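Participant: Build me a structure from this.
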Amino acid sequence: MSTVLFAEDLRPGTVFELGSTKVSKEEILDFGRRFDPLPLHTDEGAAATSRFGGLIASGFHTAALLQRLLVDAVFSRAALIAGRELGPLRMRAPVRPGDVLHGRMEIVEVRPRDDGTAVVRSRGTLTNGSGTVVMEVQGETLWEHRPAGGSEGGAA
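Facilitator: Residues are numbered from 1 along each chain as shown. This is a model prediction of the structure:
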């Protein structure tokens, strides 16, 4: 396998298992206070009386957790140029303190372009420890093609 993933290494249906991350109460509170200061994310007492019955992570926090898993498992070794599009992003279930989330990315489409790049559409998901999907998102990224004369690589 190549140390760098190029657009040619990606095929529709390829799945990358991204690993897991545990969500702590402190992270939920800190992120909520800094970026999404709604009582569901910042006040345990108020959250306990909500329809969710307790503290839950912000959707933006949840998306950031998926992004970290993506970078660690795939994007850090990819000939990735930039993100192009994000959405739809669907929150399917609340993320609670102590949840262990597992990430996954599936390649949906690879569209080569004439300028030496390719647009890659993918689907990311996070599931909790009981197998419930808590978040789904689709996105497009711009990737480099393998330079002429470059060695063959392969997806995970």
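Participant: now the helices: where do they sit in the chain?
Facilitator: Along the chain, the segments classed as helices by DSSP state H run 25-35, 39-42, 44-48, 59-73.
Participant: could you redo the ones you listed as JSON lines and give each row distance to G13?
Facilitator: Every residue, glycine included, has its C-beta placed from N, CA and C. What follows is those, written out as JSON lines (distance: least, Cβ to Cβ, whole Å):
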{"stretch": "helix 25-35", "distance to G13": "33"}
{"stretch": "helix 39-42", "distance to G13": "36"}
{"stretch": "helix 44-48", "distance to G13": "40"}
{"stretch": "helix 59-73", "distance to G13": "17"}
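Participant: and these as JSON lines, adding mean neighbour count and mean pLDDT?
Facilitator: What follows is the helices of the chain, written out as JSON lines (neighbours: other Cβ atoms under 10 Å; pLDDT from 0 to 100):
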{"stretch": "helix 25-35", "mean neighbour count": "16", "mean pLDDT": "98"}
{"stretch": "helix 39-42", "mean neighbour count": "19", "mean pLDDT": "97"}
{"stretch": "helix 44-48", "mean neighbour count": "13", "mean pLDDT": "97"}
{"stretch": "helix 59-73", "mean neighbour count": "18", "mean pLDDT": "98"}
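Participant: where's the closest residue in space to N128 that isn't next to it in sequence relative to A7, distance?
Facilitator: The spatial neighbour of N128 that comes closest, neighbours along the chain excluded (Cβ to Cβ, 6 or more residues apart in numbering), is D99 at 4.9 Å. According to Cβ to Cβ, to the nearest Å, D99 stands 34 Å off from A7.
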